[in-house]
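Peer 1: sequence below, structure please.
(2 chains)
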Amino acid sequence: MKRYIDAAAVTASPALSRRRFLTVTTLGGAGFVVGCGQREQAPAAAAVPASAAAEPAPQPISLETLNAFVRIGSDDTVTAVVKHLDKGQGVTTGLPSIVAEEMDADWSQMRFEFAPADAQKYANLFFGVQGTGGSTAIANSWMQYRTAAAGARAMLVDAAAKRWSVPAAEITVAAGVVSHPSGQSARFGELAADAAGESPPDAPTLKAPEDFKLLGTHLRRIDSVAKTDGSAQYTIDTDLPDMKVALVAHSPRFGGRVGAFDATAAQAVEGVSEVVEVPTGVAVIADSFWSARKGRDALKIEWDDSDAELRGTEEILADFRDLATTPGATASDGGDVDATLADASQVVELTFEAPFLAHATMEPMDCVVRLDESGCDIWTGSQLQTVDQQVASAVAGVPLGNVRVNTLFAGGSFGRRAVANSDYIAEAVAVARASRSGAPVKLIWTREDDFTSGHFRPMSLHVMRAGIDAIGQPVGWSHRIVTQSILSGTPFEGLISNGVDPSTVEGAANLPYAVKQLQVDVHTPRIGVPVLWWRSVGHTQNGWVTEVMIDQLAHAAKADPVDYRLGLLETHPRHRAVLQRAAAAANWSAPAPEGRFRGVAVHESFSSFVAQVAEISVDSVGRLKVHRVFCAVDCGFAINPDVVRAQMEGGIGMGLGAFLREGVTFSEGQVLSNNYHLYRPLRINEMPEVEVYIVNSGEAPTGVGEPGLPPIAPAVTNAIFAATGQLITTLPLGDQLSAG
Amino acid sequence: MKVEFSVNGEPRTVDVPGDKPVLWVVREDLKLTASKFGCGIGQCGACTVLLDGNMTRSCGLPVSAVAGREITTLEGADDAVAKAVRDAWRALDVVQCGYCQSGQMMSAIALLRSNPSPDNAAIDAAMSGNLCRCATYQRIRKAIHQAAGELGGAA
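Peer 2: From the prediction side, this is the model:
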């Protein structure tokens, strides 16, 4: 990991080349590739903060390491090389749409392909390494891809000007056709070979946003066709000659190891070819999933639990409660909040508990590895290509340059595939290396493997106290968090400052409301349960608790929840705008429909702003139904409003599922919720009608993958309080309403 | 054991352990990978296929049980209902990660064959066995209504 640490360290250096450059590589006359370095600092960079995963440090790119983003084929296709993983968020539509806009291409001629692992060319400009996360895919790529595409367009124009002996300035481009008023015209594909011989412009001219024809409209997703005819290729669909399938028996406890094992019965299963020990367990290699599965079931393993986490969730939570009685590391120094609260007119004290959550991606973790004399090939939904490449290199004992990462569609991630130690990828490489056959190996995790592998959203405890003065204004706010650090023990550890892992306090230490004294401190005990970022990371908890707390202050002040928030957000116009839009859409100022109740929340995450109003009912036996959610989002310029809407819908559905029922529980170190019958995400019958309103602030685009999630839990919590007077402070909801 | 059955209208014979689930037979032996592995216990619906026209979870169905019967996967779903479902899915850009969508579409096809104009409650009842972690549910509902309308049922 040394190499990665070095790479991560680079992100601390904000040095940035402002030089503009563009280069061209001829591809056998068949077309050309345009690459460019970062033209200038992306406008969003300065504003992108939030998750530790989204550390906003643009990476300088030297002239020697040019990116390659656009390819024009002589068949008239234009291929955008997508440096990010598409795990459903739509970046394989978003980046090609940016390219199409600046090139004036026709949407139907656009294609995409995933970039190879190459940190020099394809680094996330906010990370410094190649990777996807923190809702940064569009934000960090925006200027980079526009510049590349504008350069390509200029070269096509220059080639046409030469061919027709006309001034370039007289040439126009529209829908993939280059034209001159004389009547001459040519499609991109016809000009591709000539254009490859042109010099790139020093500073390609970018369109003014008001001239956009494609961006800001609903372009159909490029991946819709392949994902509706069965041809889309996911890791699990990869098929190589002579490939074997491997399953690994893992310790039932985190930190457990193989003590001894007997593979006799497993070896006897038809189709099983090998049983090998790897650092993470015992691998059964077979000619099919079913044989590998039966072989694994037949293994006899004694686990060594001497270093294992033996506690259950209840014991860990009890330890959290003890810790919460003492001050933690300070994330926001509010001064003597205790004294202020002692003088307050009213003090609201609440303790919140949020459980471990699983990503539960529909495609379980999987990876295909081929080790041969040429090196190591990996096929997987790689989310941190640079890290995955480096880990694979170390595990395989193959030089980095000979590790090729082939990124495929991922069947969901929500953060799960961005792991500092590349857990399942490292395991797949270890299996391939341990195998004596030399055959390519497809590692498949079963759902049970997936649910028991850890890497959960951390459990958290929040002790909160806030006071208001005689006119209801908050005078002091104290928030103590106990949770695990995601960054500790990873190459991102350097982002921990003064004992505060920023991912634990995001959305809490930067509370937007005008509170005179804001005290936030955090304990991050070390626990033997691997934890990880989960769609919106620290905002998943902090968005919930802060928005429930502010609602309770409004209640104490006998103020309307929307008006109360607006009054405390005078210096936060983007919060205000989305809050007002959602409230208007919900017709907040009028009574809710008969039998229904509303709750509201607003939260900024990943530089986007989202407000939601949930409309609910609770029946006589305590059954909750969330009927409608009115959602307003400001993500800067919405390059594809329909994808923005889809991500809001998805964030609301996932967040609501977590609110209702999700929680990983374990006892004596063993996960109990090991499949979908015990860990139950939202189903269609629980999905509310979601209306999304996009508020265009005119800012540069920011992310939408995560920001739709945080407001739904507090909006529903606040609606339940409005309906029943019962305040939910422990998640998931479960049967709390009927038990009351 | 040798098992003969029909897949997407074509007779197929496989020689595999009789307890091997249909999901893995179509994926590994017949190279039809639209149907996906999600849970292995019939709880998520990613593996949904049609068995003699009926919605069936294939991950726990032994291949020995389908001898002489007809399996349809998304690759072979090409009647008017399937076409309407596919068109609606594309028109509304239902997919996100897409992994569950083969199962969703097969369940939707089975629903529309038995109920040409389902209301939201009927859709929810028929589709609640298909998980979508991306929560594309609202669009799934709309797409089923749209396909129903296209086919002549009430939209």
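
Peer 1: what residues does the stretch 51-200 of chain A put near chain B?
Peer 2: The interface of the stretch 51-200 of chain A toward chain B, taken as CB under 8 Å from any CB of the partner chain, is made up of A:87, A:88, A:89, A:90. To be clear about C-beta, it is placed using only N, CA and C from the backbone, and glycine gets the same treatment.

Peer 1: look up phi and psi at the first one.
Peer 2: I take that to be residue A:87. phi -110, psi 20 (degrees, to the nearest 10).

Peer 1: what of the last one?
Peer 2: Summarising the backbone geometry of residue A:90 under the convention degrees, to the nearest 10, its torsions are phi 100, psi 20.

Peer 1: I'd guessed it sits against residue B:97; true?
Peer 2: No - counting by CB atoms under 8 Å, residue A:90 sits too far from residue B:97 to count as a contact (9.9 Å).

Peer 1: picking up where we left off before, return the member of the residues of the stretch 51-200 of chain A next to chain B nearest to chain B.
Peer 2: residue A:88 (3.2 Å; CB to the nearest CB).

Peer 1: what about the spatially closest residue to residue A:457 that is not a sequence neighbour, neighbour count?
Peer 2: Among residues not flanking residue A:457 along the chain, residue A:534 sits closest, at 3.4 Å (CB to CB, 6 or more residues apart in numbering or on different chains). For residue A:534, the count of nearby residues is 25 (other CB atoms under 10 Å in any protein chain shown).

Peer 1: okay if I get the residues of the stretch 51-200 of chain A next to chain B as TSV plus distance to residue A:628 and neighbour count?
Peer 2: Below are these laid out as TSV (distance: CB to CB, whole Å; neighbours: other CB atoms under 10 Å in any protein chain shown):
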residue	distance to residue A:628	neighbour count
A:87	28	29
A:88	24	29
A:89	24	27
A:90	24	28
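
Peer 1: need the helices for the stretch 601-740 of chain A, in chain order.
Peer 2: Taking DSSP state H, counting those that start in this stretch to define them, one finds helices in the stretch 601-740 of chain A at A:641-660, A:712-724, A:736-739.

Peer 1: and residue A:178, what element?
Peer 2: For residue A:178, the element it lies in under DSSP states H and E is strand A:177-179.

Peer 1: same thing with residue A:566?
Peer 2: If you go by DSSP H and E, residue A:566 is part of helix A:561-567.

Peer 1: gap between residue A:127 and residue A:294?
Peer 2: As judged by CB to CB, to the nearest Å, residue A:127 and residue A:294 stand 42 Å apart.

Peer 1: neighbour count winner among the two?
Peer 2: Set residue A:127 next to residue A:294 and count neighbours by other CB under 10 Å: residue A:127 wins out with 28 against 22.

Peer 1: tell me, how many residues neighbour residue 108?
Peer 2: If you meant another chain, say so; for now it's chain A. Residues contacting residue A:108 under the criterion other CB under 10 Å number 11.

Peer 1: not quite, I wanted chain B
Peer 2: Residues lying near residue B:108 (other CB under 10 Å) number 32.

Peer 1: where does it sit: helix, strand or coil?
Peer 2: Put simply, residue B:108 is helix when judged by DSSP: H, G, I helix; E, B strand; the rest coil.

Peer 1: verify the stated contact: it with residue B:140.
Peer 2: Yes - using CB under 8 Å, residue B:108 makes contact with residue B:140 at a distance of 7.2 Å.

Peer 1: for those two, list the residues in contact with both.
Peer 2: Residues touching both residue B:108 and residue B:140 (CB atoms under 8 Å, 6 or more residues apart in numbering or on different chains) are residue B:127.

Peer 1: pLDDT weak spots in chain B?
Peer 2: Applying pLDDT under 70 to chain B flags residues B:153-155.

Peer 1: how close does the residue nearest the centre of it get to residue B:86?
Peer 2: Nearest residue to the geometric centre of chain B (CA atoms, centre = their mean): residue B:106, 2.4 Å. From residue B:106 across to residue B:86, the span is 11 Å (CB to CB).
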